[in-house]
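Q: Take this sequence and fold it.
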Amino acid sequence: MVVRIRRFDEKDAQALADLMIEMAGFYGATISSDLVVAEDVLRRARQVDIIVAHDDVRLLGFATFTSLYPVAGLLTFTYVQQVYVGHAARRRGVAQKLMAGIAQAAKAAGSTRIEWSTSRENVAARSLYGGLGANGSDKVYYVLEGSALDQLAARGGSFRHNRRYSSGDILGWIGKTSQHTEIGNRDFLVAQSRFASDRGVRGRLSGLAPHDPANC
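A: Just a heads-up that it's a prediction; the model follows:
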């Protein structure tokens with residue numbers, strides 16, 4: 001099986017939705033009956049970076065990530081939100097290829113480091129990440145949700161949130177300006193330049209809440 005990595009394309013929406021539904025079941029999560037996952041994937045793809053792993057037949061896995069600012073030294077870094085490989089494609093090196101794709105995109109975005117989290121009990125994932133040369137961290141992981149989130153948001157008063165153009169917007173230009181399947185510096189910079197010219201802004205990469213990347 002030859003595994004290839006490329007950027008998410010609109011034609012992948014249903015197949016990626018199926019993988020995400022599988023992932024939700026793996027975690028025991030409930031998906032709202034009102035949510036049309038494929039449509040939601042298309043909306044979210046404009047806000048975050050998504051790459052997919054595939055062979056000649058189907059999608060095998062995906063990763064979502066974004067670049068943030070700043071880390072120590074006032075530098076850009078990339079945060080990995082999710083890495084998931086479908087059950088049928090496990091233990092075939094797919095996750096490692098997805099992580100390599102993230103690293104390529106991170107370098108293209110000017111990031112100096114990649115960060116992500118996983119549970120201490122996820123021995124397989126920790127073994128994979130250690131094999132990539134990643135180091136563990138003593139940072140404390142926080143979650144704010146439900147009524148606590150509502151209460152904190154209410155303290156902000158009348159705060160106007162202006163939309164920031166995401167890397168999904170930039171990657172949309174990449175899809176229009178490049179026929180390449182790899183994630184390369186040249187494609188990213190050409191698309192970013194065109195995006196900045198047309199919009200009058202410099203593309204900013206939007207943020208994600210921390211989450212545990214899935215099993216590999």
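Q: what about the residue nearest to the spatial centre of the chain, which SS state?
A: Geometric centre of the chain, nearest residue: residue 64, 1.6 Å, by C-alpha atoms, centre = their mean. Look at residue 64: counting by DSSP: H, G, I helix; E, B strand; the rest coil, its state is strand.
Q: what do you get for residue 11?
A: helix.
Q: Bridged to the residue nearest to the centre of the chain, which residues?
A: residue 50, residue 82 (DSSP bridges).
Q: Who are the contact partners of it?
A: With contact set as C-beta atoms under 8 Å, 6 or more residues apart in numbering, residue 64 has these partners: 48, 49, 50, 80, 81, 82, 208. Where C-beta positions appear, they are placed from N, C-alpha and C, glycine not excepted.
Q: Neighbours of the fourth one, how many?
A: Residues within reach of residue 80, counting by other C-beta atoms under 10 Å, total 24.
Q: and what of residue 118?
A: 21.
Q: Isn't it up against residue 129?
A: Yes: counting by C-beta atoms under 8 Å, residue 118 does reach residue 129; the two are 7.0 Å apart.
Q: so where's this structure uncertain?
A: Within the chain, the stretches with pLDDT under 70 are 159, 161-216.
Q: where exactly do the strands run in it?
A: 4-7, 49-54, 59-71, 75-85, 114-115 (DSSP state E).
Q: Deepest-packed of these, please.
A: strand 49-54 (a mean of 24; mean count of other C-beta atoms under 10 Å).
Q: now for that strand, which elements pack on it?
A: strand 4-7, strand 59-71, helix 94-108, helix 167-177 (3 or more C-beta pairs under 8 Å, 6 or more residues apart in numbering; DSSP states H and E).
Q: Residues contacting it, please?
A: By C-beta under 8 Å, 6+ apart, strand 49-54 touches 3-8, 12, 16, 44, 59-67, 85, 89, 94, 97-98, 101-102, 105, 167-168, 171, 183, 205.
Q: Check the gap between residue 86 and residue 139 for me.
A: 30 Å (C-beta to C-beta, to the nearest Å).
Q: Who has more neighbours out of the two?
A: More crowded of residue 86 and residue 139, by other C-beta under 10 Å: residue 86, with 19 against 9.
Q: Report the separation between that one and residue 37.
A: The separation that residue 86 has from residue 37, given C-beta to C-beta, amounts to 15 Å.
Q: try residue 113
A: Counting by C-beta to C-beta - residue 113 and residue 37 are separated by 32 Å.
Q: swap in residue 114?
A: Distance from residue 114 to residue 37, by C-beta to C-beta: 27 Å.
Q: same thing with residue 150?
A: 25 Å.
Q: out of the two, which sits in the more crowded spot?
A: Neighbour count, other C-beta under 10 Å: between residue 150 and residue 37, residue 37 has more, with 18 against 10.
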